[in-house]
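J.: What follows is a predicted protein model with its sequence.
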Amino acid sequence: MQKKGHYKNECRVNINKINSVDVVEDKVYVIYLDKAGPKNICSVKGKIADKEMKIGIDGGASSSILDHMTAVMNNIEILKTDCKIRTATGVVTEASGKTKPLEMNIQGHICLIEFIVFDHKDHDFLLGLDWFNKTGYGIFRSKGIIEFPSKEEKDSFNEESDTDNIFVTEFEFENDSYWNISNFKMVPESDLSQGDSALFASLASDARGLFANSINELGAYSIYEHKIRLKDEDIAPIYSPPYRKSEKERLHLKQEIDKMLKANIIRPSRSPWSAPLIVVPKKDGTFRICIDYRKLNEVTITEKWPLPNIQDILDRLKDSAWFTVIDLKSGYLEIIIEKGSIEKGSIEKTAFTTPDGHYEFLRLPFCVKKGPTDSVVS
């Protein structure tokens with residue numbers, strides 16, 4: 001049976017992560033997004049060191065966290081560590097320490113785990129990926145459960161799902177504040193001399209133009225265009241009628257369409273193709289707009305692009321001291337779709353229908369079959 005869908009942690013548009021912890025040798029760097037709140041973390045009741053606690057669970061953190069004040073008030077021994085913490089503003093601070101392995105009991109399921117200690121006001125304890133890897137437990141947000149594989153038990157937590165595992169393209173642009181980069185600063189991780197500080201300030205100023213303040217300022221990679229090649233070029237266009245929408249869904253959908261029209265990401269269409277559109281409610285009362293391209297993908301040629309061997313890359317980097325990483329905010333939306341003729345072009349194949357109109361993408365949408373390949377090629 002063909003597997004459909006993708007996991008949430010593989011979704012390229014998931015923008016609501018709360019913590020991200022990277023472990024590099026003996027250092028831990030925690031990136032905390034101030035705009036996200038504790039309501040977005042799942043919580044369970046449990047015991048740590050025989051004390052009743054409310055425990056947060058975050059699959060986006062690779063290490064488990066203990067609030068420093070909680071450790072002091074509960075007489076939990078704090079050991080020395082070389083771990084450092086980087087906040088969203090880029091400021092690096094020393095962790096308060098770490099704990100010895102503590103016994104943690106969640107409704108009868110016991111394991112020993114170490115915690116990194118620092119001031120984390122939102123939760124006394126926060127369980128990360130190290131806990132999942134050690135226990136093999138699974139968290140299923142759409143069902144509101146934690147599943148324990150050793151015993152067929154499921155314990156509820158206080159959070160509802162905010163996404164569905166649907167093999168579709170998703171688009172949402174929240175409000176413009178998400179794109180505003182005025183609060184993002186380039187901050188050196190170590191002390192600089194007066195001369196180096198001046199050079200760094202100049203570099204930070206020059207780099208401002210590399211960032212988009214809104215979706216209207218997204219760049220476009222025009223050297224390579226995305227092309228949808230069909231298995232049979234003579235195939236009849238696939239048209240799926242639109243689904244019914246409530247008045248609330250329709251109003252939200254119109255707002256998102258207007259934003260993309262203004263940003264020149266989509267345009268009105270007269271294409272005979274049409275993919276169905278789905279509106280998925282989120283826990284905050286808003287909606288996620290999704291387009292189902294499965295029927296288009298079934299008739300699209302699968303194209304491969306050979307990726308370099310990761311071991312070869314690591315071998316070449318073994319003597320390097322500096323590494324550069326480029327992370328595009330919306331990489332797919334910076335790739336232009338091949339225009340072509342009206343009959344043979346790729347743009348018309350991305351068409352979708354809403355209650356208020358028929359539209360097609362000028363930039364690469366998510367989950368068309370050749371999208372991941374072209375994002376690598378570009």
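T.: Okay, I see it.
J.: So which residues of the stretch 151-300 of the chain form helices?
T.: For the stretch 151-300 of the chain, applying DSSP state H, counting those that start in this stretch gives helices covering 194-207, 247-262, 294-298.
J.: now do the stretch 1-150 of the chain
T.: Counting by DSSP H, counting those that start in this stretch, the helices of the stretch 1-150 of the chain are 68-73, 129-135.
J.: Reformat those as a markdown table; add mean pLDDT and mean neighbour count.
T.: Glycine gets a C-beta too; all of them are placed from N, C-alpha and C. Converted to a markdown table, the helices of the stretch 1-150 of the chain look like this (pLDDT from 0 to 100; neighbours: other Cβ atoms under 10 Å):
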| stretch | mean pLDDT | mean neighbour count |
| --- | --- | --- |
| helix 68-73 | 83 | 16 |
| helix 129-135 | 75 | 17 |
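J.: Dump these into TSV; add distance to residue 325 as well.
T.: Shown next, in TSV, are the helices of the stretch 1-150 of the chain (distance: least, Cβ to Cβ, whole Å):
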stretch	distance to residue 325
helix 68-73	31
helix 129-135	21
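J.: how does the protein divide up, domain by domain?
T.: The record's domain parsing of the chain by automatic domain parsing lists 17-156, 169-179+214-377.
J.: Out of those domains, name the one with the poorest average pLDDT.
T.: Here the lowest mean pLDDT among the domains of the chain goes to domain 17-156, at a mean of 66.
J.: quick one on the thing from earlier: please name whichever of the helices of the stretch 151-300 of the chain is nearest to residue 214.
T.: Nearest to residue 214 among those is helix 247-262 (9.3 Å), distances taken as Cβ to Cβ.
J.: buried ones in the closest one?
T.: For helix 247-262, the neighbour count (16 or more other Cβ atoms under 10 Å) marks 249, 252-253, 256-257, 259-260 as buried.
J.: ditto for stretch 210-225
T.: The neighbour-count check on stretch 210-225 (16+ other Cβ under 10 Å) flags 212, 214-215, 218, 221, 225 as buried.
J.: that older thread, which one, of the domains of the chain, ends up nearest to residue 194?
T.: Per Cβ to Cβ, nearest to residue 194 of the domains of the chain: domain 17-156, 20.1 Å.
J.: looking at it, residue 112 is touching residue 99, isn't it?
T.: No. Counting by Cβ atoms under 8 Å, residue 112 does not reach residue 99; the two are 10.5 Å apart.
J.: who's more crowded, those two?
T.: The residue with more neighbours, out of residue 112 and residue 99, is residue 99; 20 against 10, by other Cβ atoms under 10 Å.
J.: Now render the buried residues of stretch 210-225 as TSV, adding distance to residue 108.
T.: Output for those, formatted as TSV (distance: Cβ to Cβ, whole Å):
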residue	distance to residue 108
212	50
214	50
215	48
218	50
221	54
225	57
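J.: Now intersect the residues you listed with the strands, please.
T.: If you go by DSSP state E, the buried residues of stretch 210-225 have 221, 225 in strands.
J.: quick check, nearest of the buried residues of stretch 210-225 to residue 315?
T.: residue 221 (29.2 Å).
J.: Could you report the distance from that closest one to residue 349?
T.: 20 Å (Cβ to Cβ, to the nearest Å).
J.: how about the strands in the stretch 51-200 of the chain?
T.: For the stretch 51-200 of the chain, strands defined by DSSP state E, counting those that start in this stretch occupy the ranges 51-57, 65-67, 84-86, 92-94, 97-98, 102-106, 109-113, 116-118, 125-127, 138-140, 145-148, 153-156, 169-171.
J.: Please name every helix or strand in contact with the fifth one.
T.: Of the remaining helices and strands, those touching strand 97-98 by 3 or more Cβ pairs under 8 Å, 6 or more residues apart in numbering; DSSP states H and E are strand 116-118.
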